[in-house]
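Peer 1: Just the structure for this:
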Amino acid sequence: MPYNLPNLLTWLRILAIPLFVGIFYLPPTLLSYENQNLVATIIFAGAAITDWLDGYLARVLNQTSAFGAFLDPVADKLMVTAALIVLVYLERLDAPIALVIIGREVTVSALREWMAQIGKSKNVAVSFLGKIKTTSQMIAIPLLLYHDNIGENFNAHVVGTWLIYLAAVLTLWSMVFYLKAAMPHALKRG
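Peer 2: Numbering: from 1, shown residues only. All right, here's what the predicted structure looks like:
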């Protein structure tokens with residue numbers, strides 16, 4: 001395992017998951033409900049920023065590695081999955097939406113692994129549609145975690161809910177896109 005700054009940031013994202021989840025199990029005497037929301041939002045936002053930062057640093061510092069390329073998406077999926085489960089637990093997100101997003105991530109990850117094994121990984125590389133889905137999701141989750149109004153007129157929960165529904169629709173759409181790209185190869189190897 002290569003020890004470098006990008007991989008360290010990725011590991012920090014993974015290690016932040018128990019802290020992120022644990023915030024909501026603290027008694028209100030230690031951390032008020034509103035502060036739980038704020039701290040969890042900050043942790044998730046920090047993880048999202050390090051996701052961008054570790055990739056940027058790996059390229060700029062020429063510290064890319066096969067291990068980092070493997071670990072980075074795993075860290076992302078673990079953090080997003082943990083956040084979605086927490087949001088369902090807090091009754092801020094409907095379970096079917098979380099299942100659609102998590103199910104798509106598992107399906108597309110397995111599809112990408114299979115396509116890489118047959119030498120066709122470029123056919124299921126991240127698409128623009130996938131990037132829009134991820135952006136929508138990464139804005140929606142912190143808004144749903146924060147849950148409270150921002151200022152007098154911005155209802156974070158309502159905006160987050162609309163964005164997570166958009167992310168769910170884009171999730172299904174992008175999954176169909178990836179499955180269609182893989183289908184000819186699956187039929188050849190049937």
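Peer 1: Going by C-alpha atoms from here, please, whenever you check contacts or count neighbours.
Peer 2: OK.
Peer 1: Now Phe24. Nearest residue, chain neighbours left out?
Peer 2: Gln36 (6.2 Å; Cα to Cα, 6 or more residues apart in numbering).
Peer 1: Quickly find the element holding the one you found.
Peer 2: helix 33-60 (DSSP states H and E).
Peer 1: ok, back up a step: so the residue nearest to Phe24 is in contact with Gly22, correct?
Peer 2: No: the pair Gln36 and Gly22 does not pass the contact test of Cα atoms under 8 Å, sitting 9.6 Å apart.
Peer 1: neighbour-wise, which of the two wins?
Peer 2: Applying other Cα atoms under 10 Å to Gln36 and Gly22 shows that Gln36 carries more neighbours, namely 22 against 13.
Peer 1: and that one, how far is that from Met183?
Peer 2: Using Cα to Cα, to the nearest Å, Gln36 is found at 45 Å from Met183.
Peer 1: now Phe20
Peer 2: Taking Cα to Cα, one finds Phe20 at 38 Å from Met183.
Peer 1: Between those two, which has more neighbouring residues?
Peer 2: It is Phe20, of Phe20 and Met183, that has more neighbours when counted by other Cα under 10 Å, with 21 against 11.
Peer 1: So which residue is smack in the middle of the chain?
Peer 2: Val80 (3.6 Å; Cα atoms, centre = their mean).
Peer 1: tell me which element it is part of?
Peer 2: With DSSP H and E as the test, Val80 turns up in helix 66-89.
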